[in-house]
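Participant: Have a look at this prediction, sequence included:
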Amino acid sequence: MIAETAAKMRAQLGAFSGRLSAGLRKPARRFVGEALYGIAARGSVKLTEIGRALEEPIPLIKTETRLSRNLGRCELASVGDAVLAEGAHRIGKRTLLVLDLSDIAKPYAEKMEHIARVRDGSEGTIADGYWLAHVVGVENTDNAIVPLYAALWSQKAPDFVSENVEVLTAIRTVAAAAPGRGVWVVDRGGDRGEIYAPLIEEGHTFVIRNKGDRHLLVGHSPTGRTKAETEALAQSCPMHFATHIVREERGQEVAYRLDYGFRPVRLTAHPHTKLWLVVAKGLGEKPLMLLTNIEMKRNRKTLWWVVSAYLTRWRIEETIRFIKQSYDLEDIRVLTYRRLRNMVVLVNAVAFFTAVVIGTRTRLEILATHLITASKRLFGIPDFRYYAIADGIREVCARSPRKIAKPPDAIPQLAFGFT
C-alpha cells in the first residue's frame, strides 16, 4: 500500500512539475522536477538532502554540484509565474488575498550574498537575514489555502529600491494574474500612503489594519475637512453589533465578546475617495481598526464580513509557519542571491502542491495515517492538516524510496484523483 501511494504521489508531482517547467530547456525541466521532489521527500531545502532523495548511483557531491549549478538559472523565476497561473483560477471576486511580510534570520551566515539586517519575528530581535513576501489566497472563514506568491529580497541587493516597491510588486503581480478579483488583506505594515495610493488608483479592493496614529477626514462630504486621529475615531465609533467568539491561546479556548461598528472616513491625500473605518473592540486593550473601501452599511452580515476577513488573516500566519517549518526554509544554505530567491520560489511551489494539488484535488484518505482533520471553527487555530500532508509525503517517500523519473518531453495532464 505504501509503495502504491508513493508511486501515485510521485506521478502527481511529476505532472505538476512538468506544467510548471513547460517551456524551459530540458536540463532546467529536469532540475525543477528533481528539486520539487527532493524538497517534498526530505522536508528540507539543503542541497545535500535533496540529493539524497534522488538516490543517484554517483557520489553525492556530484549530485549536489549539479543541483547547485542548476539552482542558479535565471529562468527559474518563471516557476513562480506558473504557480500563480495554476492558482489564479481559484481567486474569486471576494477571495481574500493575504499579504504577509516576514523574514529568514541567518545570524551566522556571514558569506551569504547581500545579507542584511532584518527583524527576526520569532525572536523579536534584529539579526542578519533576508525579507520575505508571501501572498496566500483563502476564502473568508475557510481553512483551504492557495499559496500564490513568494519572494525573497535584501535591501543590500543592487536592484533593491524600497520595501514599498517589493510590496507593490507582489500586489501587482498577483492582480495581473486575477484582474478585478480578490480582496487584499494587509496587516499594519500596509498602513502607508505609498501603499494606499496605488491600491486606490488601480482599483483594488482592500482591508488594511491601521496603527491608530493616522489622521483621517471624518465623513464622506467632499467639502468636510474635519480631521481626527484614527484611534480617537475608533474609541468614539458607535458599536452597532456584538458577538461572542472563541480563540485558542496556548492550547486553551478563550471566549471573547466582540463589539463592532464603522464610521465613514476619507484619507487626507484622497479626499474624494469614500472609505470606511471598521472598528472591533474586545480583542485587546486597543480597538482593532480596519480601513476598507468595501461599502459599509448598518448591516450585520456586511460589517461582519470585513471583521472576519481580518481575523482570517491571523489564521494565515500559520500558513507562513507551515511553509517555513515543513521545508526547513530557515536552514537554507546556498550562498548566492539568485539561488536564494530561486529556492524560495521552489519551496512555494512545493507548498502549493501540498495544499492545493494534494490537499484539495485528491481523496485525502490515501494519506489517512498521516492526516489530521482541519477544524471548521472560525476563530480557533485549526489542526493544521497541511503539516500532516507534508509529513505524509515524507514518510511514504522514506518507506518506499525510488528515484524520480526524468520529465517526459510531452507533459502529462494531471489526474484529479487516485483510483
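Facilitator: Perfect, I can see it now. Note that the structure is a prediction, hence the values are computed from the model and not measured.
Participant: Next, the contact list for residue 272, please.
Facilitator: Applying Cβ atoms under 8 Å, 6 or more residues apart in numbering to residue 272 gives the contacts 222, 266. For every residue, glycine as well, the C-beta is placed using N, CA and C.
Participant: do that again at 10 Å, thanks
Facilitator: For residue 272, the contacting residues are 200, 220, 222, 266, by Cβ atoms under 10 Å, 6 or more residues apart in numbering.
Participant: Now do the same for the third one: helix, strand or coil?
Facilitator: Think residue 222. At residue 222 the chain is in coil, as set by DSSP: H, G, I helix; E, B strand; the rest coil.
Participant: What confidence value was assigned to the closest residue to it other than its chain neighbours?
Facilitator: Spatially, and ignoring its direct neighbours in sequence, residue 222 is nearest to residue 272 (5.8 Å; Cβ to Cβ, 6 or more residues apart in numbering). With respect to pLDDT, residue 272 has a value of 94.
Participant: Just after the helix or strand hosting residue 272, pick out the following helix or strand.
Facilitator: Following DSSP states H and E, one finds residue 272 within strand 270-281. Counting by DSSP H and E, the next helix or strand C-terminal to strand 270-281 is strand 288-292.
Participant: and that next one, which strands flank it?
Facilitator: If you go by DSSP bridges, strand 288-292 pairs up with strand 205-209 (antiparallel), strand 270-281 (antiparallel).
Participant: just checking, next helix/strand downstream of it?
Facilitator: As assigned by DSSP H and E, the chain's next helix or strand after strand 288-292 is helix 300-326.
Participant: Next, the buried residues of that following helix.
Facilitator: Across helix 300-326, burial judged by 16 or more other Cβ atoms under 10 Å covers 303-313, 315-320, 322-324, 326.
Participant: Please report how far residue 210 lies from residue 295.
Facilitator: 18 Å (Cβ to Cβ, to the nearest Å).
Participant: More neighbours: which of those two?
Facilitator: It is residue 210, of residue 210 and residue 295, that has more neighbours when counted by other Cβ atoms under 10 Å, with 22 against 10.
Participant: Enumerate every residue touching the residue nearest to the more buried one when sequence neighbours are not counted.
Facilitator: Nearest residue to residue 210, sequence neighbours excluded (Cβ to Cβ, 6+ apart): residue 289, at 4.1 Å. Going by Cβ under 10 Å, 6+ apart, residue 289 touches 188, 191, 208-212, 214, 216, 230-231, 233-235, 237, 277-280, 310.
Participant: Any idea what residue 289 is bridged to?
Facilitator: Following DSSP bridges, residue 289 is listed with bridge partners residue 279.
Participant: pLDDT at it, what is it?
Facilitator: Looking at residue 289, its pLDDT is 98.
Participant: now do residue 53
Facilitator: Per-residue pLDDT puts residue 53 at 93.
Participant: tell me what the strand or helix carrying it is packed against?
Facilitator: Element membership for residue 53 (DSSP H and E) is helix 47-54. If you count contacts as 3 or more Cβ pairs under 10 Å, 6 or more residues apart in numbering; DSSP states H and E, helix 47-54 packs onto helix 26-42, helix 60-71, helix 337-352, helix 385-399.
Participant: ok, back up a step: check which residues of the strand holding residue 272 are buried.
Facilitator: Buried, per 16+ other Cβ under 10 Å, within strand 270-281: 270, 275-281.
Participant: Then stretch 133-142?
Facilitator: By neighbour count on 16+ other Cβ under 10 Å, the buried set for stretch 133-142 is 133-141.
Participant: Of those residues, which belong to strands?
Facilitator: Under the assignment DSSP state E, these contribute 133-138 to strands.
Participant: closest to residue 49 among these?
Facilitator: Minimum distance to residue 49 across those is 22.8 Å, recorded for residue 134 (Cβ to Cβ).
Participant: beta partners for the closest one?
Facilitator: According to DSSP bridges, beta-bridge pairing links residue 134 with residue 100, residue 150.
Participant: thinking again about what came up before, for the helices and strands packed on helix 47-54, give me CSV that also has distance to residue 125.
Facilitator: Below are these laid out as CSV (distance: least, Cβ to Cβ, whole Å):
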stretch, distance to residue 125
helix 26-42, 28
helix 60-71, 30
helix 337-352, 21
helix 385-399, 26
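Participant: Which one of these lies nearest to residue 112?
Facilitator: Using Cβ to Cβ, the helices and strands packed on helix 47-54 put helix 337-352 closest to residue 112, at 7.2 Å.
Participant: in that closest one, what counts as buried?
Facilitator: Residues 337, 339-352 are the ones in helix 337-352 that count as buried (16+ other Cβ under 10 Å).
Participant: ok, of those residues, which one's closest to residue 249?
Facilitator: Here the nearest of these to residue 249, counting by Cβ to Cβ, is residue 351; it sits at 26.0 Å.
Participant: Listing request: residues of this protein with sub-threshold pLDDT.
Facilitator: Scanning the chain for pLDDT under 70 picks out 1, 121-123, 248, 251, 319, 360-387, 402-419.
Participant: Need the single longest strand in it, by residues.
Facilitator: Using DSSP E to define each element, the chain has its longest strand at strand 252-267.
Participant: now it, how far from the centre of its chain.
Facilitator: Remark: strand 252-267 is offset 25 Å from the chain centroid, using Cα atoms, centre = their mean, to the nearest Å.
Participant: That strand pairs with which strands, and in what direction?
Facilitator: Taking DSSP bridges as the criterion, strand 252-267 pairs within the sheet with strand 215-218 (antiparallel), strand 241-249 (antiparallel), strand 270-281 (antiparallel).
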